[in-house]
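Student: sequence and predicted structure are below.
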Amino acid sequence: MSNIKTLRKSILSGRTTAVSAVEESLKKIKSESDLNCWINIYEKESLEKASEIDEKIKKGENPGKLGGIPIAIKDNMLVKGMKTTNASAMLKDYVSPYTATVVEKLSSEGAVIIGKTNMDEFAMGSSGETSAFGVTRNPVDTERSPGGSSSGSAAAVAAGHVPASLGSDTGGSIRQPAAFCGIVGMKPTYGVVSRYGISPFASSLDQAGPLAATVEDTAAILEVIAGYDRMDSTSIKREVPCYAENIEGSIEGVKIGIPSEYMQEGTETAVRERVLAAAGILEKLGAEIKEISLPLTKYAVSVYYIIAPAEASANLARLDGIKYGLSADSGKDFLSDVTASRTEGFGSEVKRRIMLGTYVLSSGYYEDYYIKAQKARTLIKNEFSEAFKIVDLIFAPTSPTTAFGLGEKTGDILKMYLSDVFTISANLAGIPALNLPVGLDSKNLPVGAQFMGNYLSEELIFRVARALEKEIKSSEKQ
Ligand code: GLN
């Protein structure tokens, strides 16, 4: 499927229609159902919306910035009247009572919401394998993981089912699947995008963002979904920049740091090589490349796997089988019903997080684990602030490896957690980060590199990523 920019031109010029764009998308989704990218497809509704868009265009009305563009939504974002499962048995029949702000914003700019994508259960996972709806396959190599937790959102874009999708990123869940599937994905600064109507995992880390085939499309989507929302007290009050419009430009003199901790032995050689080659291109384009050090990187996984489960255990406490979601009848008392509902409804990874979270929050351990992790989080944040006094951006691998095999890490949870080592810090600090494909390894698997920037530096990230993307694409053509 063409990218947003091309498709938009075709729809506006009458070379194609929104209805045929949606039909093409639906056809592709059906013919590649083996990838298991989707949990729900809105066939009727999306065709209806597309014909409304076509009507508008015929009448000479403005169809919106994304008029007629098919877009996929991760199944942790609410769409009123439709199911939001979080890929969990707990919410398999849950119908959303209202619509998430991000979805509302996309729809009001004419985007066609094609359906909901598969994901790790409650966004907990790095491989797409914890879903109660089955694993998602990586379209680049179907024996491999597409990454997680926005597994379906990344795979659906990489497979060309849709030009763009939304994901959420609590510890890397937009960037790592984007890296594994060879597409672009951005986690904005915490607070740039409203969390209203997105199922909370770890509220102080969660941020939604776009996945798309190009940097420009990613910017175009962010421009639509960003902005202050009075329904989310952590959303930032400021005017949304024209991310897509300001994307082209010189990167002369931009200082970019490569942290040595991301380029050590644990990172695959091919990943290091591709990242360094990309850094060479950035230098050729006029950027100043420096080696920097972020020594606290080694604590990120430990800190995250205390804070994220702690917040998750509190957020998931509402799923008690009484208020909503799966309700199991134990035939005994109230407490037994709650226990039965949670035992049946949650998968093993979610249970593990709840246990970890309640443990680190329990009296006696709270100071030793939770408070200590919060202190370490502040130090990690400060380390980034210091780094951004020396450099404008940080450039590093998104993941230490390319896409791993399905089943390869499910037996070793620590290995799975460690695969998040490079993405987690940006969430702990709240800074923006974008994954860009920078080449292939010897197995032809995509290598992803990420740009991390200071708070609200999305425009700079987009401009530099766009410049690099252009060079990489033109060298691939030769
Ligand atoms: N892989 C990480 C985890 O399992 C991050 C998930 C996310 O960003 N939603 O928690």
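Tutor: Happy to help now that I have it.
Student: need the residues of the stretch 101-250 of the chain near the ligand, please.
Tutor: 123-126, 149, 168-173, 201 (C-beta under 6 Å from any ligand atom). The C-beta positions use only the backbone N, C-alpha and C, and glycine is treated the same way.
Student: restricted to strands, list these.
Tutor: Of those, the ones assigned to strands by DSSP state E are 168-169.
Student: so stretch 441-460, near the ligand or not?
Tutor: No. Stretch 441-460 stays clear of the ligand (C-beta under 6 Å from any ligand atom), getting no nearer than 13.5 Å.
Student: what's around Glu471, how many residues?
Tutor: 15 (other C-beta atoms under 10 Å).
Student: pretty sure it is touching Glu283, no?
Tutor: No. Between Glu471 and Glu283 there is no contact under C-beta atoms under 8 Å: 11.1 Å.
Student: from the middle of its chain, how far away would stretch 429-443 be?
Tutor: 12 Å (C-alpha atoms, centre = their mean, to the nearest Å).
Student: which parts of that stretch are buried?
Tutor: Of the residues in stretch 429-443, 429-441 count as buried by neighbour count, 16 or more other C-beta atoms under 10 Å.
Student: do stretch 333-340 as well
Tutor: 337-340.
Student: for the ligand, what's its nearest residue on the stretch 351-478 of the chain.
Tutor: Closest residue of the stretch 351-478 of the chain to the ligand, C-beta to the nearest ligand atom: Asp420 (4.7 Å).
Student: mind checking the SS state of the residue of the stretch 251-400 of the chain found nearest the ligand?
Tutor: Residue nearest to the ligand within the stretch 251-400 of the chain: Ala308 (5.4 Å; C-beta to the nearest ligand atom). Here Ala308 is recorded as helix under DSSP: H, G, I helix; E, B strand; the rest coil.
Student: excluding chain neighbours, what is closest to it?
Tutor: In space, and not counting its chain neighbours, Ala308 is closest to Ala202: 4.1 Å by C-beta to C-beta, 6 or more residues apart in numbering.
Student: okay, now that neighbour: neighbour count?
Tutor: Neighbour number of Ala202 under other C-beta under 10 Å is 23.
Student: how far out from the middle of the chain is the host helix or strand of Ile281?
Tutor: If you go by DSSP states H and E, Ile281 is part of helix 269-284. What separates the centre of helix 269-284 from the centre of its chain is 24 Å, taken as C-alpha atoms, centre = their mean.
Student: buried sites along the helix or strand following that helix?
Tutor: Next in sequence after helix 269-284, counting helices and strands by DSSP H and E, comes strand 288-292. Neighbour-count burial for strand 288-292 flags 289, 292 (criterion: 16+ other C-beta under 10 Å).
Student: kindly report the same for stretch 87-100.
Tutor: For stretch 87-100, a neighbour-count test (16+ other C-beta under 10 Å) marks 87-92, 94, 96, 99-100 as buried.
Student: now the two most distant members of those residues.
Tutor: Ala89 and Thr99 (23.7 Å; C-beta to C-beta).
Student: low-scoring stretches of the stretch 101-250 of the chain, by residue?
Tutor: Under the criterion pLDDT under 70, no range of the stretch 101-250 of the chain is flagged.
Student: can you pull out the helices in it?
Tutor: For the stretch 101-250 of the chain, the helices defined by DSSP state H, counting those that start in this stretch occupy 101-108, 151-158, 175-181, 215-225.
Student: what helices and strands are in contact with the third one?
Tutor: Under the contact definition 3 or more C-beta pairs under 8 Å, 6 or more residues apart in numbering; DSSP states H and E, helix 175-181 sits against helix 151-158, strand 184-187, strand 433-440, strand 446-453.
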